[in-house]
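A.B. asks: got a sequence here, can you build the structure:
(one chain, ligands or ions: 2)
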Amino acid sequence: MLKIPTILAADELLDKAFKKASKAGSQGLTRIETVRETNISKVRSANDVIVSTLGKYVKAFPSIERLSPFYAELIDVTIGKDKLKKSLGAMDWCRGSVARVSREAIRTIANARSIDAIDGSRRAAYGRMSSIVKQIDKELKFISNARNTIRKFPTVDLSAPTIVIAGAPNVGKSLLVGQISTGKPRVAVYPFTTQEISLGIFEREYVRYQVIDTPGLLDRPLEERNAMEMRAVLALKHLADAIVFIVDPSETCGYTRAEQEHLLSSLKGEFSSTPIIVVENKVDLLRADSDRSKLSALSGEGVSEFMELLIGVVGGDRKHQNAYSANR
Ligand SMILES: Nc1nc2c(ncn2[C@@H]2O[C@H](COP(=O)(O)OP(=O)(O)OP(=O)(O)O)[C@@H](O)[C@H]2O)c(=O)[nH]1
Ligand SMILES: [Mg+2]
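C.D. replies: Ligands and ions are numbered 1, 2, ... in the order given. Here you go, the predicted structure:
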């Protein structure tokens, strides 16, 4: 989703900076001028490595305000947007402080009268740079973890009309996703689940639709979840143009109809702004007496009629022209 470079720890960053600096050299007319120029180069090059490396980190992290609501929510839940902001602020503080030390040291070295004084100033500058960088070690570790978390986010197509499949375990979610989408679904991890979500695609009249199978996410009542998990699940709201809720009236899934209806009303309560289309599966086993859509993900019966209904709900308007539109 986002390209963030490997984040070094404070020690590693200092190693990198001083190693680069040790290679700096300069030739002057006299010995003291050579030493002076060389030490100025060293300080400058250590400074440049630190300032530019941290600058890259700050730039690589997405500004939450500019992210789509889905990813912004995931970042806030898994990483914490305020802590992330604070840590990136610490990077900027460090860059400014190191640059100041560097400027002062260069000025002192430029005016120093002896080789010893030059060496001493350079060493003092290194010491101050080290202690400044070490002060942000905790923040560096924090953004390094944040990077690893972000790298595991599912890559979803934010511009495609998206259908999220929900329902109790074993009702036939995966089978239906396989029926309606073409090609092999992509799988991706989702925060707070050991399971993966799988993303399928199908195309209708040149529009690509994305279907998301959600094992372990929308298969039990939301009141059973802790607050963080709940928010991670609710982030799907920003993605879903419609939720398809599959009911298995045959109860061969192992859940009673009452349990499934309870799950449905829990989702309705939480996803109140997202259309939820209820469909009864396994019609080959049992045809319930209801006016809900019916199909069999196994035999294919009723699937194409259901698709028409679905596209009518999600394909109607063109809100997808702006992938970053908030509050759908
Ligand atoms: N007879 C019949 N069996 C079905 C139908 N749809 C699904 N099944 C069966 O129900 C079982 C579960 O189907 P899945 O598609 O794996 O269900 P799921 O909802 O994805 O299950 P989880 O991912 O575990 O939550 C499988 O053995 C399917 O073959 C159907 O329309 N008719
Ligand atoms: Mg499944």
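
A.B. asks: going forward, measure contacts and count neighbours with C-alpha atoms only.
C.D. replies: Noted.

A.B. asks: for the protein, what helix or strand is lowest in average pLDDT?
C.D. replies: Among the helices and strands of the chain, strand 182-189 carries the lowest confidence by mean pLDDT, DSSP states H and E, at a mean of 84.

A.B. asks: so what strands line up beside that strand?
C.D. replies: Sheet pairing here is set by DSSP bridges, and for strand 182-189 it gives strand 196-204 (antiparallel).

A.B. asks: after the strand it pairs with, which helix or strand is next?
C.D. replies: Using DSSP states H and E, the next helix or strand after strand 196-204 towards the C-terminus is strand 207-213.

A.B. asks: returning to what we had before: the least confident helix or strand of the chain near ligand 1 at all?
C.D. replies: No - interface with ligand 1: strand 182-189 contributes nothing (Cα under 6 Å from any ligand atom), its closest point being 13.0 Å away.

A.B. asks: residues of that strand that come out buried?
C.D. replies: Across strand 182-189, burial judged by 16 or more other Cα atoms under 10 Å covers 185, 187-188.

A.B. asks: any weak-confidence spans in the stretch 201-328 of the chain?
C.D. replies: Scanning the stretch 201-328 of the chain for pLDDT under 70 picks out 316-328.

A.B. asks: which bits of it sit near ligand 1?
C.D. replies: Going by Cα under 6 Å from any ligand atom, the residues of the stretch 201-328 of the chain near ligand 1 are 215, 281-282, 284-285, 296-298.

A.B. asks: how is this structure partitioned into domains?
C.D. replies: If you go by automatic domain parsing, the domain ranges for the chain are 10-151, 162-321.

A.B. asks: out of these, nearest to Lys3?
C.D. replies: domain 10-151 (6.8 Å; Cα to Cα).

A.B. asks: just the mean pLDDT for the closest one, thanks.
C.D. replies: For domain 10-151, mean pLDDT rounds to 96.

A.B. asks: helices of the stretch 101-250 of the chain, start to end?
C.D. replies: For the stretch 101-250 of the chain, the helices defined by DSSP state H, counting those that start in this stretch occupy 115-135, 137-151, 173-180, 227-234.

A.B. asks: pull out the buried residues from the third one.
C.D. replies: Read it as helix 173-180. Neighbour-count burial for helix 173-180 flags 173-174, 176-180 (criterion: 16+ other Cα under 10 Å).

A.B. asks: now those in TSV, with distance to Pro161 and pLDDT?
C.D. replies: Formatted as TSV, these follow (distance: Cα to Cα, whole Å; pLDDT from 0 to 100):
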residue	distance to Pro161	pLDDT
Lys173	19	96
Ser174	19	94
Leu176	18	95
Val177	15	94
Gly178	17	91
Gln179	18	92
Ile180	14	92
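
A.B. asks: just checking: which of those also lie near ligand 1?
C.D. replies: Among those, the residues within reach of ligand 1 (Cα under 6 Å from any ligand atom) are 173-174.

A.B. asks: want to throw the buried residues of helix 173-180 into TSV with distance to Leu310?
C.D. replies: As requested, the buried residues of helix 173-180 are exported to TSV (distance: Cα to Cα, whole Å):
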residue	distance to Leu310
Lys173	15
Ser174	17
Leu176	13
Val177	13
Gly178	16
Gln179	14
Ile180	11
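
A.B. asks: returning to that earlier point: could you tell me the angle between the least confident helix or strand of the chain and helix 173-180?
C.D. replies: Orientation of strand 182-189 against helix 173-180 (axes from the mean of the first three to the mean of the last three Cα atoms, to 10 degrees) gives an angle of 140 degrees.

A.B. asks: how far away from the center of its chain is strand 182-189?
C.D. replies: 18 Å (Cα atoms, centre = their mean, to the nearest Å).

A.B. asks: what's that strand in contact with?
C.D. replies: 152-155, 195-202 (Cα atoms under 8 Å, 6 or more residues apart in numbering).

A.B. asks: just the buried subset of the residues you listed, written out for ChimeraX, thanks.
C.D. replies: In ChimeraX syntax, the buried subset of these is picked out as below (16+ other Cα under 10 Å):
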select :153,154,155,196,197,198,199,200,201
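
A.B. asks: could the contacts of strand 182-189 go into a markdown table alongside distance to Ala10?
C.D. replies: Converted to a markdown table, the contacts of strand 182-189 look like this (distance: Cα to Cα, whole Å):
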| residue | distance to Ala10 |
| --- | --- |
| Lys152 | 24 |
| Phe153 | 26 |
| Pro154 | 30 |
| Thr155 | 31 |
| Gln195 | 34 |
| Glu196 | 34 |
| Ile197 | 36 |
| Ser198 | 38 |
| Leu199 | 39 |
| Gly200 | 42 |
| Ile201 | 44 |
| Phe202 | 47 |
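
A.B. asks: ok, now which ones touch Thr6?
C.D. replies: Applying Cα under 8 Å, 6+ apart to Thr6 gives the contacts 144, 147.

A.B. asks: wait, is it part of a strand?
C.D. replies: No - with DSSP: H, G, I helix; E, B strand; the rest coil as the criterion, Thr6 is located in coil rather than a strand.

A.B. asks: from Leu310, how far out is it?
C.D. replies: Here Thr6 is placed at a distance of 43 Å from Leu310 (Cα to Cα, to the nearest Å).
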